[in-house]
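*Asks:* Here is a sequence with its predicted model. Questions after.
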Amino acid sequence: MTKSIGLCSTCVYSGNCALRRNSSHGVQFCEEYEVENRPAAPPPPPANPFRRRVERPPVRVLGLCSNCDNYPTCSFPKPEAGVWHCEEYR
């Protein structure tokens, strides 16, 4: 079987089509053309909630997180008592 060119590549009748067999340049118009129903692409995965970007820390952040440059993309836990030691602090 040759590679489908033109409309035939998505037509449900491409397997039994006489126009396709007689065309070497691909069919550009066909009265019997019908689009094959293909399943829709799956939706993109939800964004990782641990990697969301936050412009500034909330007002009541205690410890190093309150002025850390990495806070917008940091995925480490942030306890209410604050973070007082962090190797990623900048």
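*Replies:* Alright, I've got the coordinates. Numbering: from 1, shown residues only.
*Asks:* all helices of the chain, in order?
*Replies:* 18-22 (DSSP state H).
*Asks:* where does it dip in pLDDT?
*Replies:* 1-5, 20-24, 36, 38, 47-59 (pLDDT under 70).
*Asks:* tell me the centre residue of it?
*Replies:* Centroid check for the chain by Cα atoms, centre = their mean gives Pro44 as the closest residue, at 4.4 Å.
*Asks:* got the residue ranges for the strands in the chain?
*Replies:* Assigned by DSSP state E, the chain shows no strands.
*Asks:* and the residue nearest to the centre of the chain, how far is that from His25?
*Replies:* Distance from Pro44 to His25, counting by Cβ to Cβ, to the nearest Å: 37 Å. Where C-beta positions appear, they are placed from N, C-alpha and C, glycine not excepted.
*Asks:* Tell me how many other residues crowd Val27.
*Replies:* Val27: 19 surrounding residues under other Cβ atoms under 10 Å.
*Asks:* you'd agree it is up against Gly6?
*Replies:* Yes. Using Cβ atoms under 8 Å, Val27 makes contact with Gly6 at a distance of 4.5 Å.
*Asks:* before we move on, the earlier item: show the contacting residues for the residue nearest to the centre of the chain.
*Replies:* Applying Cβ atoms under 8 Å, 6 or more residues apart in numbering, we find Pro44 in contact with no residue.
*Asks:* All further residue positions should be reported with the first residue as 296.
*Replies:* In the new count, where the first residue is 296, that last one comes out as Pro339.
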